[in-house]
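Participant: Please work out how this folds:
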Amino acid sequence: MTEKETFLKMINEHPVVVRYRELETVINRNKTLKQKFDKLKKTQKQLINAEKIEKVTLIESAKKQYQQQLSEIESYPLVSEYLALQTDINDMIQQVLFVFENGFINEDVE
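Facilitator: A predicted model of the protein is given here:
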């Protein structure tokens with residue numbers, strides 16, 4: 001097994017990643033939650049587009065709508081755990097990237 005494969009295996013077997021994938025499967029199988037997530041993503045895209053064209057009223061409207069939808073979704077315990085794990089995984093990825101970008105791996109090996 002190559003170093004890359006070993007590293008990817010470590011990430012994929014990390015308890016946070018395993019739990020995240022379990023919750024993702026549950027959410028994707030739940031029609032109601034899936035629809036709510038799809039609606040949230042659509043609103044998020046509208047918000048990004050409004051920000052690009054700098055339409056203040058559209059931005060405020062989309063932000064309000066996004067926050068309402070997010071609050072509704074977060075009221076589901078599994079979803080709030082899922083979103084927290086998503087943040088944890090993103091943080092972990094940022095840390096790994098920092099290590100790679102700053103060459104700390106080479107220093108440790110030497």
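Participant: right, and Leu70 touches Leu40 too?
Facilitator: Yes - counting by Cβ atoms under 8 Å, Leu70 does reach Leu40; the two are 6.3 Å apart. For the C-beta atoms, the positions are set from N, CA and C on the backbone; glycine is no exception.
Participant: which residue is nearest the middle of this structure?
Facilitator: Gln86 (4.2 Å; Cα atoms, centre = their mean).
Participant: Which elements pack onto the host helix or strand of it?
Facilitator: Using DSSP states H and E, Gln86 falls within helix 77-101. Other elements packing on helix 77-101 under the criterion 3 or more Cβ pairs under 8 Å, 6 or more residues apart in numbering; DSSP states H and E are helix 15-29, helix 56-74.
Participant: With mean pLDDT added, can I get these in JSON lines?
Facilitator: Shown next, in JSON lines, are the helices and strands packed on helix 77-101 (pLDDT from 0 to 100):
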{"stretch": "helix 15-29", "mean pLDDT": "95"}
{"stretch": "helix 56-74", "mean pLDDT": "93"}
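Participant: Which stretch among these approaches Val96 most closely?
Facilitator: Nearest of the helices and strands packed on helix 77-101 to Val96, taken as Cβ to Cβ: helix 15-29 at 12.2 Å.
Participant: quick one on the thing from earlier: hang on, isn't the residue nearest to the centre of the chain packed against Tyr20?
Facilitator: Yes - under the criterion of Cβ under 8 Å, Gln86 makes contact with Tyr20 at 6.6 Å.
Participant: still on that earlier bit, which residues does the residue nearest to the centre of the chain contact?
Facilitator: Listed by Cβ atoms under 8 Å, 6 or more residues apart in numbering, the contact set of Gln86 reads Tyr20.
Participant: Cool, thanks, signing off.
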